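Participant: return a 3D structure for these sequence lines:
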Amino acid sequence: MISAREALERLREGNRRFVSGARSSDTRTSQTRRSELAAGQEPFAIILGCSDSRVPAEIVFDQGLGDLFVIRVAGNIVASSQIGSVEFAAERFGTPLVVVLGHSRCGAVLATLEELMRPGEARSRNLRSIVDRVRPSVEALLATELRHDPDALVRHAVRANVRVSANQLRHGSEVLEQLIQSDGLLVIGAEYSLETGVVDFFDGVPDEQPGT
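Facilitator: Here you go, the predicted structure:
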């Protein structure tokens with residue numbers, strides 16, 4: 001298995017291909033590749049992303065079958081099932097990198113901000129559970145001057161939500177904490193731009209080594 005840094009660079013390279021339109025060949029989605037994976041998998045990165053139809057991780061990072069272990073949920077929130085899924089892949093497959101992938105104009109974040117600013121009709125219990133997961137990461141922003149700048153508020157809220165989710169993975173699981181300490185598991189927060197297609201890795205990114 002490659003290192004976390006190598007996995008991160010592979011994602012960066014794939015995103016650059018996606019943005020430029022220079023997609024890789026379809027060899028990683030071929031019948032041969034499918035047959036190779038029937039016996040097992042070794043995904044090099046775990047992506048906890050939003051369910052938004054505009055942010056499919058395999059396409060955004062230009063990866064093929066068996067490359068990514070993808071967990072998708074509205075608002076890229078972290079609950080027990082998401083933590084368990086990350087633990088499963090990190091332990092079972094030795095996957096070295098976890099990326100919490102948020103995106104610009106996230107509907108779950110927008111819904112949470114709207115609920116905080118203008119409490120409205122009661123949502124279903126299930127939808128409210130998502131809003132309640134996002135709420136702690138964005139609530140404090142409403143006490144700042146960002147309250148008067150809706151666009152800036154949403155931008156900051158999206159990143160705040162990603163940071164909180166990444167921290168929950170780093171510190172909310174004994175399994176992941178141990179893998180971080182002993183095996184070099186890396187948990188990073190990132191944001192995908194719906195407008196440009198660029199993924200910005202902004203939270204928990206290791207310093208570049210000299211010469212890299």
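
Participant: how about the closest residue to E114 other than its chain neighbours, secondary structure?
Facilitator: Excluding the flanking residues, the one nearest E114 by Cβ to Cβ, 6 or more residues apart in numbering is G120, at 7.6 Å. (C-beta placed from N, C-alpha, C; glycine too.) Using DSSP: H, G, I helix; E, B strand; the rest coil, the structure places G120 in coil.

Participant: swap in the one 3 residues further on?
Facilitator: Of the three states, R123 takes coil under three-state DSSP.

Participant: ok, then the element right after the worst-scoring helix or strand of the chain on mean pLDDT?
Facilitator: The helix or strand of the chain with the lowest confidence, counting by mean pLDDT, DSSP states H and E, is helix 31-37 at a mean of 86. Proceeding N to C from helix 31-37, the next assigned helix or strand is strand 45-49, under DSSP states H and E.

Participant: what about the longest helix in the chain?
Facilitator: Secondary structure of the chain read by DSSP state H shows that its longest helix is helix 150-171.

Participant: quick one: the helices in this structure, in order.
Facilitator: 4-20, 31-37, 57-60, 80-93, 107-117, 125-138, 150-171, 174-183.

Participant: pick out the shakiest of those helices, pLDDT-wise.
Facilitator: Mean pLDDT is lowest for helix 31-37 among those, at a mean of 86.

Participant: got the buried residues for the longest helix of the chain?
Facilitator: 153-170 (16 or more other Cβ atoms under 10 Å).

Participant: ditto for stretch 100-110
Facilitator: V100, L101, G102, H103, S104, C106, A108, V109, L110.

Participant: for the fourth one, which non-adjacent residue is spatially closest?
Facilitator: It refers to H103. Among residues not flanking H103 along the chain, Y192 sits closest, at 4.2 Å (Cβ to Cβ, 6+ apart).

Participant: how about the last one?
Facilitator: Closest residue in space to L110, ignoring its immediate chain neighbours: V154 at 6.3 Å, by Cβ to Cβ, 6+ apart.

Participant: so what's that neighbour up against?
Facilitator: Counting by Cβ atoms under 8 Å, 6 or more residues apart in numbering, V154 touches R105, C106, V109, L110, L113.

Participant: how far away is the fourth one from G49?
Facilitator: Computed with Cβ to Cβ, to the nearest Å, the distance linking L110 and G49 is 17 Å.

Participant: and if you look at the last one?
Facilitator: Taking Cβ to Cβ as the measure, L113 falls 20 Å from G49.

Participant: rewinding a little: show me which of the buried residues of stretch 100-110 is closest to G184.
Facilitator: Checking the buried residues of stretch 100-110 against G184 by Cβ to Cβ gives V100 as the nearest, at 17.8 Å.

Participant: surely that closest one and N167 touch.
Facilitator: No - at 9.3 Å, V100 does not count as touching N167 under the criterion of Cβ atoms under 8 Å.

Participant: count of neighbours near the closest residue to V175 other than its chain neighbours?
Facilitator: Closest residue to V175 apart from its sequence neighbours, by Cβ to Cβ, 6+ apart: E87 at 4.5 Å. Per other Cβ atoms under 10 Å, the neighbour tally for E87 reads 17.

Participant: before we move on, what about F61?
Facilitator: Neighbours of F61 (other Cβ under 10 Å): 25.
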